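1. Sharing a model that was predicted from the sequence below.
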Amino acid sequence: MDIKDKILKIVPEVTFTEQGDTVAVVPLASFRKLAEALRHDPEDAMDFMRDIVGMDWGETLGALYYLESTTSNRRITLRTETDNRENPVIPSVCDLWATAQIKEREAHDFFGIIFTGNPDLRRLFLREDWVGYPFRKDYDMKSNPLNMTNEEDDDVAPTYELGSKGELICGKNVVFAPEEFVINMGPQHPSTHGALRMRISLDGETVKRVDPVCGYIHRGIEKMNESLTYPQTLALTDRLDYLSAHQSRHALCMCIEKAAGIEISERAKYIRTIMDELQRIDSHLLYFSCLVLDMGGFTPFFYGFREREMVLDIFEETTGGRLIQNYNMIGGVQADLHPDFQKKVKAFIKHMRGIVHEYHEIFTGNVIVTSRMKGVGVLSREDVISYGATGGTGRASGWSNDVRKHHPYGVYDKVEFKEILRTEGDSFARYMVRMDEIMESLHIIEQLIDNIPEGEYRVKTKPIIRVPEGIYSQSVETSRGEFDVILESHGDKSPYRLHYRSACLPLVHTLDKACRGWKIADLIVIGASIDLVIPDIDR
Amino acid sequence: MNNSFLDYYSLQPVTSWIHDALCSVMPEALAIFLECVVIGVVLVALYAVLAIILIYMERKVCAAFQCRIGPNRVGGKGGLMQVPADVLKILTKEIIRLKNSDHLLYDLAPYLVILASILTFSCLPWNKGAQVLDMNIGILFVLAASSIGVVGILLAGWASNNKYTMIGAVRSGAMIISYELSMGIIVLAMVVLSETTSLSGIVEGQANGWNIFKGHIAAILAFVVFLIAGNAEANRGPFDLAEAEQELLAGYHTEYSGLHFGFFYLAEYLNLFITAGFASTLFLGGWMPLHVAGLDAFNNVMDYIPGFVWFFGKTFFVVWLLMWIKWTFVRLRIDQVLTFEWKYLMPTSLLLLVLMVVLKVSGLVF
Amino acid sequence: MSKFSNYINGYFSGLKTLLIGMRTSIRVYFRKNVTEQYPENRHTTLHIPERHRGTLVMPHDENNQHRCVACGLCQMACPNGTIKVTSEMVEGEDGKKRKVLVNYEYDLGSCMFCELCVNACPHDAIRFSNDFENAVFQREKLLQKLNHEGSSVVKK
């Protein structure tokens, strides 16, 4: 049955907008009913919530809900809104999808939307004492001068319910009780991979609860996008997940190209795909290094860097950048491949295949490593789907979620590759998925590298790019999971709202689930095996 | 066995000549006091110099394991002056006292750690006739003195008033106490083999062959167990979880700065040296040259090499072995460290003790 | 009994993996180092690719002439406000008034090397050079004037 008919059968008042993506506009009153029905649909349950995008449509505040079924991979977008800007209330869906809990916190933080029923509606990225909601269009940019004092950590989380007369009742949920032994880890800590801060309640060495405190490198990129032209927004995607710079930028380029109707050349598609895979290898090598380092092994750390250096050199020859490459452009890529590119990539593939056994000998097979990682921090398949933990973390728990397979882009439909799946769901499985993906990426590049078609690497675009009105989205598989670009255009030269689905935000959300009952040392390993990049969380 | 050259290099005549000379100009008590002061100064100086050498060695060795070069700027091409420069930097740093720490214990802790380290250090037999503390229960004294260090570590963790240091200290305490068992049992096994607890006696007993050859299979295994337990005693990787950087920042010494931190750092490196030194004393013959039965010419050549060269050569070889281990493996978790000790290492060392006794009694050792 | 044999098996297979690890690390120990010695290798092995974006430059030819017509497109393209073009109207020999570049100000400190300015330039007047040693001690020195003293626009 068509998904539209199904929705109309549940709630007949739903209307559909077809500008860009198909969006089901759901009246607020029946939103909860529809969400429950879609989630628990016996034949094709929409069990994966990709994202919740808070929105300010001027008159109304609301949110877009991106849902996907893990069985049929069908997707649908729901839109619901409220015209009460004073107390915008939307029922929470965090009991249906665990990931909604943190996504609703984000929307609450930026738009002030109150999700009734969410047990923890603290601010997510901004300070507790922040005034106003910055993503609202009527936000006064001068309302928060630079604050020179630290805020107090709030150990009590507000939660809201609707009373019998429709009034808001604010309840309190205790995050950490005063008698708990809470240690603070980060934002300056050697193994938080950037500026993540976690508060951890301990019982001896055993972790009782992890509470990630995000936002230490929140730069408001989504807000900045609203005042930048489309080509200018590109420059910021490289700064989200710096180990998926190519891939995130690829997503934004594809989204804008799709929306503006720009057809790119086959050559550019090949180049983009090869670069994406090289980036994945680069990221996974760094993942290996960091995981090893977090476990206290310094020597294998350098092995990973040794090979990663070769990838970076290849990048630099062609793109001019090592970490921040600025390579994908609207209409193609910035420059043609360097003449040495193919030769060097082939040499790298040969070298990598010949040396990867060292990684496995010194680290993977080691009895200390296996005893520290096997069976530690298990996430079940239901957990990862509910938490929306995509990428290698999800695949290690047996969830086939590879965007490259299910929603192919670039030239992924032309190459043959395996989706690495494991079922254990522990740290070791998460690690092995990455290591196998390195080999699989080499395999993909091998198929493409000799067959790059001739043609222009970049099609001419208009100097000022305007995108027709509508809501567009594009997802790619970055090194860490599914990255989505969600673009709402009102026909201007800059976006009305440009939202990124961070691959890492759901991952950091799973930390609490994965770490409870394990030791501090395991927390570090689980955090490293889940593979977090903090600028991607904070945006 | 021709031991003339060993006697030739012996420091015994020199020390007795100094003692006689001093006694002829002053009362004996004063002479002994003066000698003690001089020896103390020499020990501390040697301690510091060895620490510098060890740190430099560690940095170069770990660099080689990691496809790097290591220090190579300060002081010429080899970076020889890098560590002295670091020492100078540490000496000029401010010692910060935390407001809410227990000041007395906080200041006491580094001295306890360094005291334990120097006490054990002074028991090392350097050369024939050059052993500062030589008593008939020598090896037991070493075991006892080295345990003082853990008190310092616990105090440091407690007095710093910091949750990270506390966790690090408790980890360290649990670990050191456990591994001391294996260490003690292995030492007992070697005492069985050498029939003495005096360190000089143990070395003298190896004149006709090192213990590792005399005790063959049992001694080789005991050597390995001793290295593992010693590594854990010295808080070094893969047992460095008391100061696991990725988990606890710097563990028990997170809150220390300047020279106080320097003491912990110094003690850590010297404990490595001390572990290696006792390993070479107990198993590799201390300052005894390598002798192969039947090759008299070879043995004579070996005798030309002074004892302290043998001692340092063996000790630094063991240090290098320990570094190889440290720079290969990842860190264990606290419960695994304890499981490893109680489930694997302890039974192994007990078995080795029994095996050694059986071998000794049945005369199967050389 | 099987539990005990598991224990023994685990003991020795674990030991074996440790030894394999040590074998690998000792192999690397005797291998050639991979690090490069910067700055000693500045004139020998150091290789900075042509396309590396180190700093923005405005190429001048031998007559001290550049190609910038002061249109300001680069300034508009820049997301950070890194470029400031100052121009004045000057009457040419043919009596027509023409925009002439006075000061091309570039702030290296806020540049994020996105290359949008170079893409926007219709006359190829600016480009990125691979000169990467741009560290200075004062922040003000990062403010650079890209057009040389007394330079003029190239005549077509």
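-> Right, received. Where do you want to start? None of these values were measured; they are calculated from a predicted model. Numbers count the residues shown, from 1 in each chain, chains lettered A, B, ... in the order given.
2. quick one: residue A:464 and residue A:492 touch, right?
-> No - counting by CB atoms under 8 Å, residue A:464 stays clear of residue A:492, with 10.2 Å between them. The C-beta positions use only the backbone N, C-alpha and C, and glycine is treated the same way.
3. More neighbours: which of those two?
-> residue A:492 (13 against 10; other CB atoms under 10 Å in any protein chain shown).
4. Please report phi then psi for the more buried one.
-> Dihedral pair for residue A:492: phi -90, psi -180, per degrees, to the nearest 10.
5. from what I can see it touches residue A:468, true?
-> No - using CB under 8 Å, residue A:492 is not in contact with residue A:468; the gap is 10.7 Å.
6. top helix in chain B by residue count?
-> In chain B, with assignment by DSSP state H, the single longest helix is helix B:28-65.
7. what about it, near chain A?
-> Yes - for helix B:28-65, a contact with chain A is found by CB under 8 Å from any CB of the partner chain, at B:62, B:65.
8. Sketch out the helices for chain C, chain order is fine.
-> Counting by DSSP H, the segments of chain C that form helices are C:2-29, C:73-77, C:116-120.
9. Using JSON lines, please lay out these together with mean neighbour count, distance to residue A:168 and mean pLDDT.
-> Output for the helices of chain C, formatted as JSON lines (neighbours: other CB atoms under 10 Å in any protein chain shown; distance: least, CB to CB, whole Å; pLDDT from 0 to 100):
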{"stretch": "helix C:2-29", "mean neighbour count": "14", "distance to residue A:168": "59", "mean pLDDT": "81"}
{"stretch": "helix C:73-77", "mean neighbour count": "19", "distance to residue A:168": "46", "mean pLDDT": "86"}
{"stretch": "helix C:116-120", "mean neighbour count": "19", "distance to residue A:168": "46", "mean pLDDT": "87"}
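10. Compare the ones you listed and give me the one nearest chain A.
-> helix C:2-29 (3.6 Å; CB to the nearest CB).
11. ok and the closest one relative to helix B:28-65, angle-wise?
-> In terms of direction (axes from the mean of the first three to the mean of the last three CA atoms, to 10 degrees), helix C:2-29 departs from helix B:28-65 by 80 degrees.
12. Would you indicate which residues of stretch A:469-486 are buried?
-> A:470-486 (16 or more other CB atoms under 10 Å in any protein chain shown).
13. Same question for stretch A:100-111.
-> Residues of stretch A:100-111 classed as buried: A:100-111 (neighbour count, 16+ other CB under 10 Å).
14. Indicate each strand paired with the longest strand anywhere in chain C and its parallel or antiparallel sense.
-> Looking across chain C with DSSP state E, the single longest strand is strand C:97-107. Strand pairing for strand C:97-107, using DSSP bridges, gives strand C:83-91 (antiparallel), strand C:143-145 (antiparallel).
15. show me the contacts for the residue of the stretch 1-150 of chain B found nearest chain C.
-> Taking CB to the nearest CB as the measure, the stretch 1-150 of chain B has residue B:67 as its residue closest to chain C, at 4.5 Å. Residues in contact with residue B:67 (CB atoms under 8 Å, 6 or more residues apart in numbering or on different chains) are A:302-303, A:306, C:28, C:31, C:33-35.
16. What residues does chain C have near chain B?
-> C:7, C:11, C:18, C:21-22, C:24-26, C:28-29, C:31, C:33-35, C:37.
17. near chain A, which residues of the stretch 1-150 of chain B show up?
-> With CB under 8 Å from any CB as the criterion, the stretch 1-150 of chain B meets chain A at residues B:62, B:65-68.
18. so residue A:158 bridges to which residues?
-> On the basis of DSSP bridges, residue A:158 is bridged to residue A:172.
19. how about it, what does it touch?
-> Applying CB under 8 Å, 6+ apart, we find residue A:158 in contact with A:121-122, A:170-173.
20. give me that answer again for 10 Å
-> Contacts for residue A:158 (CB atoms under 10 Å, 6 or more residues apart in numbering or on different chains) come out as A:108, A:114, A:118-123, A:170-173.
21. Farthest pair within these?
-> The span of the contacts of residue A:158, defined through CB to CB, is set by A:123 and A:171 at 16.9 Å.
22. and the two? which has more neighbours close in?
-> Higher neighbour count among residue A:123 and residue A:171: residue A:123, with 20 against 12, using other CB under 10 Å.
23. which one is the more buried one nearest to, not counting chain neighbours?
-> The shortest distance from residue A:123 to any non-neighbouring residue, by CB to CB, 6 or more residues apart in numbering or on different chains, is to residue A:109 (4.5 Å).
24. From the contact counts, what lies against the host helix or strand of that neighbour?
-> Under the criterion of DSSP states H and E, residue A:109 resides in helix A:100-111. If you count contacts as 3 or more CB pairs under 10 Å, 6 or more residues apart in numbering or on different chains; DSSP states H and E, helix A:100-111 packs onto strand A:48-56, strand A:61-68, strand A:89-91, strand A:114-116, strand A:156-162, helix A:381-387, strand A:497-501, helix A:504-515.
25. Alright, calling it a day.
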